[in-house]
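# Pasted the sequence and its predicted model underneath.
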Amino acid sequence: MTVSGGCREAGAHPSQEGEEDMRERRGDRGMVTAELAMGTIAVVVLVILLSGAASLLVVQMGCLDSASEIARQTARGDKAAVAMARSDVPAGSAVSVRRTNDAVRVEVSTPVRLLPSLPAFTVRAEATTVLEPGE
């Protein structure tokens with residue numbers, strides 16, 4: 001016996017139809033969890049990479065600032081200010097000062113390790129300043 005407008009037998013319980021649908025969909029049951037896990041991992045990796053890039057940029061700006069300050073103070077001949085500027089370089093940095101007849105060239109380089117398991121990057125910054133008259 002069928003009901004007009006539908007294919008359900010009289011006396012068939014509506015929950016039985018839902019159970020059949022659920023059995024058909026059980027193969028896809030864990031897909032949302034797997035996709036969410038992969039998406040979360042991708043977001044975490046992206047955040048780590050972006051924070052590492054920001055860290056490199058901050059160290060680069062610190063090296064550039066230190067190099068320009070050391071070059072400027074060396075060109076002026078202010079030894080006390082040069083010593084103060086050298087104390088502001090990032091930890092572990094190497095400072096190279098080259099003087100020519102008319103200019104001072106300063107290079108500051110420092111190793112940066114984003115993660116302990118990754119190799120260190122060397123960040124360099126260079127500044128050149130014309131010597132002040134009389135120096």
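Sure, I can see it.
# Can you name the helix or strand that residue 128 falls in?
strand 121-130 (DSSP states H and E).
# repeat for residue 39
Secondary structure from DSSP H and E places residue 39 in helix 31-76.
# Next, the angle strand 121-130 makes with that helix.
Angle, helix 31-76 to strand 121-130, by axes from the mean of the first three to the mean of the last three CA atoms, to 10 degrees: 30 degrees.
# can you pull the contacts of the spatially closest residue to residue 62 that is not a sequence neighbour?
Nearest non-adjacent residue to residue 62, counting by CB to CB, 6 or more residues apart in numbering: residue 90, 5.0 Å away. From N, CA and C alone the C-beta is placed, and that goes for glycine too. Residues in contact with residue 90 (CB atoms under 8 Å, 6 or more residues apart in numbering) are 59, 62-63, 66, 108, 110.
# Just the pLDDT for residue 62.
With respect to pLDDT, residue 62 scores 90.
# So what touches the strand holding residue 128?
By CB under 8 Å, 6+ apart, the list of residues contacting strand 121-130 reads 56, 59-60, 63-64, 66-68, 70-72, 74-75, 102-114.
# let's go with 7 Å and repeat that
Identification of contacts with strand 121-130 by CB atoms under 7 Å, 6 or more residues apart in numbering yields 56, 59-60, 63-64, 67-68, 71-72, 75, 102-112.
# How about stretch 75-84?
By CB under 7 Å, 6+ apart, the surrounding residues in contact with stretch 75-84 are 70, 73-74, 104, 129-132, 135.
# So in this structure, where's the weakest helix or strand by average pLDDT?
When each helix and strand of the chain is scored by mean pLDDT, DSSP states H and E, helix 14-25 comes last, with a mean of 58.
# doesn't residue 133 fall inside a helix?
No: using DSSP: H, G, I helix; E, B strand; the rest coil, the assignment for residue 133 is coil, not a helix.
# what about the nearest residue to residue 98 once chain neighbours are set aside, helix or strand, and which?
Nearest non-adjacent residue to residue 98, counting by CB to CB, 6+ apart: residue 105, 4.6 Å away. Using DSSP H and E, the element containing residue 105 is strand 103-112.
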